[in-house]
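Undergrad: Just the structure for this:
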Amino acid sequence: MRAAVLTEFGAPLTVREVPDPEPVGGEVLVEVLATCVLPYAAEVFGGVRNYPLVPPVVPGLGGVGRVVRTGPDATRLRAGDLVWCDPTVRSRDDALTPDIALQGWSSRGDGGAALAQHLHDGSFAELMRVPTENVFPLPSAAGDDPARWAALAVHAVPYGGLTAGELRPGETLLVSGATGNFGSSAVAVGLAMGAGRVVVPGRNRDALALLVDRFGPRVRPVTLTGEEAADRAAMSAAADGPIDMVIDLLPPSAPSSAARAAAMTVREYGRVVLMGGVGMLGGDDLALPYPWIMRNSITVRGQWMAPRTANVGLIRLLASGALDLAPERVRSFPLDAVVDAVTHAAAHAGPFDRTALTPRTG
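TA: Numbers count the residues shown, from 1 in each chain. Now for the predicted structure:
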């Protein structure tokens with residue numbers, strides 16, 4: 001098969017022939033129709049983000065594909081099925097605290113690194129092998145535009161955070177980092193899940209206007225100044241009532257003060273979910289005040305990616321139309337143009353801009 005290979009950090013991906021993956025028991029072989037190229041992919045491949053990938057590696061974070069072959073443990077999947085491949089793989093020998101790896105992308109700790117060594121390669125290829133439990137049937141409509149549905153890789157992140165934070169219909173949500181690729185997704189997903197209003201802070205006025213234009217008065221924009229106390233007051237005022245939940249999706253370049261200002265807008269007994277990259281490349285700790293957390297009974301929770309069951313709920317939201325992919329701007333690239341795809345993704349990192357790689361078109 002043909003695949004895009006990262007031979008070393010800082011070198012461009014090269015497309016070449018590599019051996020077909022050979023699935024073992026508990027795995028499925030999938031033909032990759034489309035996979036999302038994330039806006040920060042260039043930072044990963046350039047070594048800027050210090051991800052624990054081990055070159056040479058076929059990168060890529062999940063994808064839309066068709067089942068080629070299943071293992072003996074698959075009782076419902078069949079060859080030819082249109083599926084979503086969730087990149088978040090978990091070890092099977094510890095149900096309480098499984099090790100986690102993002103296939104073809106990242107991992108957590110020594111156990112995750114061992115898991116990534118086995119499931120080394122991702123979706124920038126014509127074929128990939130995936131654990132059976134990470135393969136989810138898609139509606140037939142996804143086959144009409146697999147590149148658009150590859151945005152599942154983006155939407156699954158905030159959906160995992162919002163379900164972990166138990167967002168309820170009618171609640172007020174604040175999305176910290178709302179003008180970014182993942183943050184704007186959180187706005188769309190939160191509204192699809194029934195949020196009554198969503199406060200969207202950011203510095204990019206055009207991006208804030210885009211969110212308001214798309215979603216209407218349920219979205220409350222706040223232009224940030226960088227002054228923590230003033231920004232916190234402005235966000236609270238925009239909510240026009242208590243903020244029930246805050247989800248943080250700020251990138252590693254953002255200061256911890258921005259995340260803290262947003263988190264501390266949450267009401268008494270409110271919830272804060274941390275999913276972003278603040279502090280991963282250095283900088284100050286978040287430093288939420290102990291008395292504020294304790295006396296206001298605040299729940300602060302970290303969430304990396306989403307549980308496996310979240311894929312089913314997200315696919316249902318998309319299939320129902322509650323979460324609409326139609327307005328998203330999608331640019332597709334064939335496998336041979338993978339370097340152009342990575343460059344395009346970095347230059348188009350705004351709300352609802354998607355870059356897709358299409359290793360197979362049938």
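
Undergrad: Looks to me like residue 341 is in a helix.
TA: Yes - under DSSP: H, G, I helix; E, B strand; the rest coil, residue 341 falls within a helix.

Undergrad: looking at it, it is touching residue 36, isn't it?
TA: No - at 10.1 Å, residue 341 does not count as touching residue 36 under the criterion of Cβ atoms under 8 Å. Glycine gets a C-beta too; all of them are placed from N, C-alpha and C.

Undergrad: How far off centre is stretch 151-159?
TA: Put simply, stretch 151-159 sits 4 Å off its chain's centre (Cα atoms, centre = their mean, to the nearest Å).

Undergrad: Repeat that for stretch 99-117.
TA: 17 Å.

Undergrad: which neighbours do residue 341 and residue 36 share?
TA: 355, 356, 357 (Cβ atoms under 8 Å, 6 or more residues apart in numbering).

Undergrad: The last one - that's part of a strand, no?
TA: Yes - using three-state DSSP, the secondary structure at residue 357 is a strand.

Undergrad: how many other residues sit next to it?
TA: 27 (other Cβ atoms under 10 Å).

Undergrad: before we move on, what about the first one?
TA: Other residues within reach of residue 355, judged by other Cβ under 10 Å, total 29.

Undergrad: Residue 276 too?
TA: Neighbours around residue 276, by other Cβ under 10 Å: 23.

Undergrad: So the nearest residue to it once chain neighbours are set aside, which state does it fall into?
TA: Counting by Cβ to Cβ, 6 or more residues apart in numbering, residue 276 lies nearest to residue 250, which is 4.2 Å off, once chain neighbours are set aside. Here residue 250 is recorded as coil under three-state DSSP.

Undergrad: got a list of what residue 250 touches?
TA: Residue 250 neighbours (Cβ under 8 Å, 6+ apart): 176, 177, 180, 183, 258, 259, 276, 277, 278.

Undergrad: Which ones among the residues you listed lie within helices?
TA: 183, 258, 259 (DSSP state H).

Undergrad: Out of these, flag the one nearest to residue 50.
TA: residue 259 (20.0 Å; Cβ to Cβ).

Undergrad: Distance check, that closest one against residue 297.
TA: As for residue 259, its distance to residue 297 is 20 Å (criterion: Cβ to Cβ, to the nearest Å).

Undergrad: Neighbour count: those two, which is higher?
TA: Taking other Cβ under 10 Å, residue 259 and residue 297 do not tie; residue 259 has more neighbours (24 against 10).

Undergrad: Quick check: which ranges of the stretch 251-362 of the chain have low pLDDT?
TA: 361-362 (pLDDT under 70).

Undergrad: Distance of the residue nearest to residue 276 relative to residue 100?
TA: 22 Å.

Undergrad: dump the residue contacts of residue 70.
TA: 28, 29, 77, 78, 79, 132.

Undergrad: One more pass at 6 Å, please.
TA: 28, 77 (Cβ atoms under 6 Å, 6 or more residues apart in numbering).

Undergrad: next helix or strand past whichever strand or helix holds residue 185?
TA: Using DSSP states H and E, residue 185 maps to helix 181-192. For helix 181-192, the following helix or strand on the C-terminal side (DSSP H and E) is strand 197-202.
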